[in-house]
Structure formats: structure tokens, C-alpha cells
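Visitor: turn this into a model:
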Amino acid sequence: MQSLFTKKELEEICLVGENTAREYVLSVLDRHLISSLNIRVTSEESASRLDFNADIEIEVDPVVETDLEMLADAAADRALEAIDEKVRAKRVA
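Guide: Here you go, the predicted model:
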């Protein structure tokens with residue numbers, strides 16, 4: 001099966017998701033309160049489909065009372081939405 005996208009295009013698409021997740025987290029939390037922010041966006045292609053995954057891990061200063069799991073989930077959702085938009089745009093082009 002021929003891939004819908006080149007390796008470089010997949011890297012660009014994943015980077016869009018990563019940047020979107022990072023921007024979202026930084027829009028909610030002050031950068032100085034974040035101890036660690038790990039964002040991993042991956043793609044996996046099978047014979048019939050192309051899947052993307054976004055994993056976000058956030059560690060913050062103990063004074064922060066934000067629900068980090070909910071924030072990470074929301075950031076992942078936004079990353080995947082941005083990826084969907086990018087994939088649709090590339091398919092139309």
C-alpha cells in the first residue's frame with residue numbers, strides 16, 4: 001500500500017499537533033509554574049488507516065491547583081483536532 005503522506009509530511013503534521021498542544025497548555029498555565037512539559041505526537045499507519053496519538057505529561061509547581069489530567073486530555077484533544085484539519089487540507093490540495 002502506498003502511503004498517503006511522505007515521512008516529511010507526517011513529521012510536519014505531528015509537529016502541528018505538538019505545537020497546538022504546547023500553545024494550549026501555555027495559555028492555561030504560566031510558563032514559570034511548569035516544571036516539565038512532555039508532548040509526544042506519533043503517527044501509525046496500517047493497511048487501511050492512518051492514526052495519530054498525542055500524549056501529554058505535565059509537571060507543575062506544587063502551588064498549582066489545576067487538574068493536570070484534564071488539562072493534558074484537553075491539550076491532546078486540541079492537538080488531534082489540529083492534526084485532523086491539517087490532514088483534510090493536505091488531502092484536498
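Visitor: okay, Met1: pLDDT?
Guide: Here, the pLDDT recorded for Met1 equals 48.
Visitor: residue contacts, Ile56?
Guide: Counting by C-beta atoms under 8 Å, 6 or more residues apart in numbering, Ile56 makes contact with Ala21, Val25, Leu37, Asn38, Ile39, Arg40, Ala72, Asp73, Ala75, Ala76, Ala79. Yep, even glycine has a C-beta here, placed from its N, CA and C like the rest.
Visitor: closest to Asp55 out of those residues?
Guide: Each of these was checked against Asp55 using C-beta to C-beta; the closest is Arg40, at 4.7 Å.
Visitor: and the closest one, what helix or strand is that in?
Guide: strand 34-45 (DSSP states H and E).
Visitor: same for the lengthiest helix in the chain, what does it pack against?
Guide: When the chain is parsed with DSSP state H, its longest helix is helix 68-92. Where contact means 3 or more C-beta pairs under 8 Å, 6 or more residues apart in numbering; DSSP states H and E, helix 68-92 is packed against helix 7-28, strand 34-45, strand 50-60.
Visitor: quick check: angle from the longest one to strand 50-60?
Guide: Using axes from the mean of the first three to the mean of the last three C-alpha atoms, to 10 degrees, the inter-axis angle of helix 7-28 relative to strand 50-60 is 30 degrees.
Visitor: which residue packs closest to Leu26, ignoring adjacent ones?
Guide: Ile34 (7.9 Å; C-beta to C-beta, 6 or more residues apart in numbering).
Visitor: now the one you found: how far from Glu65?
Guide: 14 Å (C-beta to C-beta, to the nearest Å).
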